[in-house]
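Colleague: Requesting a structural model of the entry that follows:
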Amino acid sequence: MSGEGLTVRDLRVTFDGFTAVDGVDLDIRPGDLRFLIGPNGAGKTTLVDAVTGLVRATGSVRFGDQELLGKPVHRIARLGIGRTFQTATVFEELTVVQNLDIAAGAGRGVRTMLRRRKDVPEPVARALETIGLSHLRDRPAGVLAHGQKQWLEIGMLLVQDVRLLLLDEPVAGMSHDEREATGELLRRVSEDRTVVVIEHDMDFMRAYARSVSVLHAGRVLSEGSVAEVQADAKVQEVYLGRASEPEPAPGPAPTPAPAAASVAEEA
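Modeller: Prediction:
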């Protein structure tokens, strides 16, 4: 594992008296592929907003040896921290390679940035290969499939040498094949970076997470491997469904209730 880890201590975010994140502690080691799961309103996106400086928070968030809380968004980004949102943000009129060029800040003027060219900077070429879009480099981003736009946005982080990627539901709306390709992409990216994924797709989480944190009501409910989290009775109760109860022993079939009683119960 390489990269740098994320350490969160007693993180709290409050909006007009409502506590959205309530004393969260997290230890995400370098090179982890950590999934944050939990019901809607659990505080997952707000936690990522706090890490990236979009909302005010108290406590401590450290990336490597750098304290993030109190720093403006652009300074946090310069430390090698990048995020995506649920809807991909790409320049649809520009080509794939132009999108990556702009993200890389390759030192080209505006006019030359918008021209096609034969020579592609090495970081851009590597990102194209990693995200699997080399064959579409000269296509306008607007014609890409939904999943390909998400991969392009991840590539736009890679060319900035981001070392901590925070991804908000990256496979939402994707086909089965796109989800699999995205999972493999995240595995490749996490070989030398730390990746945190907010996700609701439990099959995707089970297939690709290295570790999992379950949030509920702004707090960490459970944490560990996929198997450990799935076996946690608290998680089964509030998120994955109630723990399975033993089936009653077989016996005589119950006597059907009179129709009048059934109607009364439904009334």
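Colleague: hey, C-alpha coordinates of stretch 139-159 in CSV?
Modeller: The C-alpha trace of stretch 139-159 is given here as CSV (Å, rounded to 0.1, in the frame of the first residue of the first chain):
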residue,chain,number,x,y,z
ARG,A,139,-14.4,12.3,-29.0
PRO,A,140,-16.4,15.2,-27.4
ALA,A,141,-17.1,14.3,-23.8
GLY,A,142,-20.8,15.0,-24.3
VAL,A,143,-21.2,11.9,-26.5
LEU,A,144,-19.7,9.5,-23.9
ALA,A,145,-21.9,7.0,-22.1
HIS,A,146,-22.8,7.8,-18.5
GLY,A,147,-20.1,5.5,-17.1
GLN,A,148,-17.5,6.8,-19.4
LYS,A,149,-18.1,10.4,-18.2
GLN,A,150,-17.6,9.2,-14.6
TRP,A,151,-14.3,7.5,-15.7
LEU,A,152,-13.2,10.7,-17.4
GLU,A,153,-13.9,12.7,-14.2
ILE,A,154,-11.7,10.2,-12.3
GLY,A,155,-9.0,10.7,-14.9
MET,A,156,-9.2,14.5,-14.4
LEU,A,157,-8.3,13.9,-10.8
LEU,A,158,-5.5,11.5,-11.7
VAL,A,159,-3.7,14.0,-14.0
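Colleague: tell me the mean pLDDT over the helix or strand harbouring Ala181?
Modeller: Taking DSSP states H and E as the definition, Ala181 sits inside helix 176-189. Summarised as a single mean, pLDDT over helix 176-189 is 96.
Colleague: Remind me what it packs against, helices and strands.
Modeller: In this structure, helix 176-189 makes packing contacts with helix 122-131, helix 146-158, strand 194-198, helix 202-208, judged by 3 or more C-beta pairs under 8 Å, 6 or more residues apart in numbering; DSSP states H and E. No exception for glycine: its C-beta is placed from N, CA and C like everyone else's.
Colleague: from the chain's centre, how far out does that helix sit?
Modeller: Per C-alpha atoms, centre = their mean, to the nearest Å, the displacement of helix 176-189 from the mean C-alpha position of its chain is 13 Å.
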